[in-house]
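Engineer: What follows is a protein structure lacking sequence information:
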Ligand SMILES: Nc1nc2c(ncn2[C@@H]2O[C@H](COP(=O)(O)OP(=O)(O)OP(=O)(O)O)[C@@H](O)[C@H]2O)c(=O)[nH]1
């Protein structure tokens with residue numbers, strides 16, 4: 001890296017509620033032909049690294065922060081990761097032109113934004129390009145009272161109304177009217193499976209500090225105290241194979257009976273007799289499971305599941321999972 005570089009490294013913060021489509025968007029950006037090298041920092045809620053496993057083959061640098069929510073206790077981790085990336089860039093060990101940070105679905109973007117404004121080293125080397133918020137147009141009304149979602153909307157420079165295939169035109173119009181009242185300054189995009197032009201969200205230099213200060217007058221001084229107190233999450237992992245029939249029965253029960261309180265559930269399954277990993281994704285009552293790539297010889301076959309939701313019963317979920325073991 002040229003020490004006398006004129007340009008700071010642009011940073012895009014990708015935010016949005018649980019299951020809105022952030023990883024889908026990230027995959028799209030990373031697979032677009034670009035001269036630019038991107039470093040990606042992925043933060044997951046729960047101690048799993050499912051998201052980074054679901055980022056499909058890419059040559060880009062992917063760094064995970066799994067020790068907690070990026071907006072809470074791991075802000076220090078974020079700074080040390082960025083500092084170490086800078087050092088490696090200066091030593092010529094890695095090269096990147098831009099950074100994308102995917103926050104958890106329960107992150108308030110304010111403290112992540114603060115990191116780049118308040119930390120001297122960070123603000124010398126990095127500049128915020130934009131805060132891009134992906135919205136699940138179908139489930140958004142269910143979560144509109146959530147403080148995290150409101151902050152994600154308020155802080156957006158770009159609002160992507162995703163999953164427009166799941167609602168009709170009138171519903172989309174009403175939703176957009178309601179949401180843009182909460183943030184009239186953001187650029188608005190609509191998408192299905194986050195099919196947008198990367199150039200609409202990356203390298204747009206639309207981060208507007210004045211607008212952010214209107215939302216949070218204390219943004220440059222505030223200490224952040226944030227509790228995900230109404231939402232809980234549980235993670236289960238096991239190396240033993242699962243029985244497909246039992247898994248199918250368990251998931252149809254979960255979707256039909258628990259769908260309302262299951263904000264997000266996803267995972268990778270090791271199914272008895274199958275050479276491929278099975279990947280599943282759930283957001284409330286919308287569920288999909290697919291055969292993914294074969295397990296690699298050097299890989300330990302294991303199932304990893306995360307459930308995130310309101311008032312979830314850990315014992316019941318755990319029992320459901322272990323009852324599926326072959
Ligand atoms: N029907 C429909 N499904 C979508 C669309 N975009 C994404 N999905 C699906 O929604 C699910 C969640 O998408 P992700 O990209 O993993 O969402 P996320 O925001 O990264 O979710 P978190 O892991 O909770 O942070 C996946 O099953 C996607 O395939 C869309 O436009 N329409």
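Structural biologist: Thanks, I have the structure now. All values derive from a computational prediction rather than experimental measurement. Residues are numbered from 1 along each chain as shown.
Engineer: got the residues of the stretch 51-200 of the chain near the ligand?
Structural biologist: By CB under 6 Å from any ligand atom, the residues of the stretch 51-200 of the chain that approach the ligand are 51, 105, 162, 163, 165, 166, 192, 193, 194. C-beta: built from backbone N, CA, C; applies to glycine.
Engineer: Out of the residues you listed, which sit inside strands?
Structural biologist: Judged by DSSP state E, those include residue 162 as members of strands.
Engineer: ok, so of the residues of the stretch 51-200 of the chain next to the ligand, who is nearest residue 308?
Structural biologist: Nearest to residue 308, judged by CB to CB, of these is residue 105 at 7.5 Å.
Engineer: Now for the closest one: which residues touch it?
Structural biologist: Taking CB atoms under 8 Å, 6 or more residues apart in numbering as the criterion, residue 105 is in contact with 16, 17, 18, 19, 20, 22, 45, 148, 263, 264, 308.
Engineer: re the thing from before, now the residues of the stretch 51-200 of the chain next to the ligand as a markdown table including pLDDT and distance to residue 251?
Structural biologist: A markdown table is the format used below for those (pLDDT from 0 to 100; distance: CB to CB, whole Å):
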| residue | pLDDT | distance to residue 251 |
| --- | --- | --- |
| 51 | 64 | 20 |
| 105 | 85 | 20 |
| 162 | 98 | 24 |
| 163 | 98 | 21 |
| 165 | 98 | 22 |
| 166 | 97 | 20 |
| 192 | 98 | 24 |
| 193 | 97 | 22 |
| 194 | 97 | 25 |
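Engineer: now the residues of the stretch 51-200 of the chain next to the ligand: which count as buried?
Structural biologist: By neighbour count, with 16 or more other CB atoms under 10 Å, these hold 51, 105, 162, 163, 194 as buried.
Engineer: any idea how this structure splits into domains?
Structural biologist: 9-215, 231-323 (automatic domain parsing).
Engineer: Deepest-packed of these, please.
Structural biologist: domain 9-215 (a mean of 19; mean count of other CB atoms under 10 Å).
Engineer: gap between that one and the chain center?
Structural biologist: Its chain's average C-alpha position is 7 Å from that of domain 9-215, according to CA atoms, centre = their mean, to the nearest Å.
Engineer: got the end-to-end distance for that domain?
Structural biologist: Start-to-end span of domain 9-215 (CA to CA, to the nearest Å) is 25 Å.
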